[in-house]
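>>> what follows is a predicted protein model with its sequence.
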Amino acid sequence: MQWSARRGGRVLLVGLQSAPRALDLVAATVREVELITTVAHVCAVDLPEAVDLLALGTVADAVLDRVIPLDALVDEGIRPIAERRARGKIVVRPN
């Protein structure tokens, strides 16, 4: 895992991973990154903060795989996820 957080920043891991993941704890420690985990979120609180964070920086570039139209959901969205070919978030554009 590459740390996208700034020095002294905070990383929140939300949800459960499908398999164990390697973390570079030396890099996190040297950069004094705070790591927080949770299995849930509260939409009314977390979603506005997440959208603000995406608008401020390059977080989307670090986690975004692709943006696809709704009519490509199965072939370009669900299938890559099911086949473990998605390298990040897949955003579906509704129109």
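Yep, that arrived. Residues are numbered from 1 along each chain as shown.
>>> tell me the spacing between the spatially most central residue of the chain and V74.
Geometric centre of the chain, nearest residue: V63, 4.9 Å, by Cα atoms, centre = their mean. With distances taken as Cβ to Cβ, to the nearest Å, V63 is found 22 Å from V74. Bear in mind the C-beta positions are built from the backbone N, C-alpha and C, glycine included.
>>> and for A5?
34 Å.
>>> buried set for stretch 68-78?
Neighbour counts over stretch 68-78 (16 or more other Cβ atoms under 10 Å) mark 68, 76-77 as buried.
>>> so I90: helix, strand or coil?
Secondary structure for I90, judged by DSSP: H, G, I helix; E, B strand; the rest coil, is strand.
>>> one more: V45?
Each residue gets one of three states, and V45 gets helix by three-state DSSP.
>>> can you get me a residue count around it?
V45 is flanked by 9 other residues according to other Cβ atoms under 10 Å.
>>> sitting in helices, which of the buried residues of stretch 68-78 do you find?
Among those, no member is found in helices (DSSP state H).
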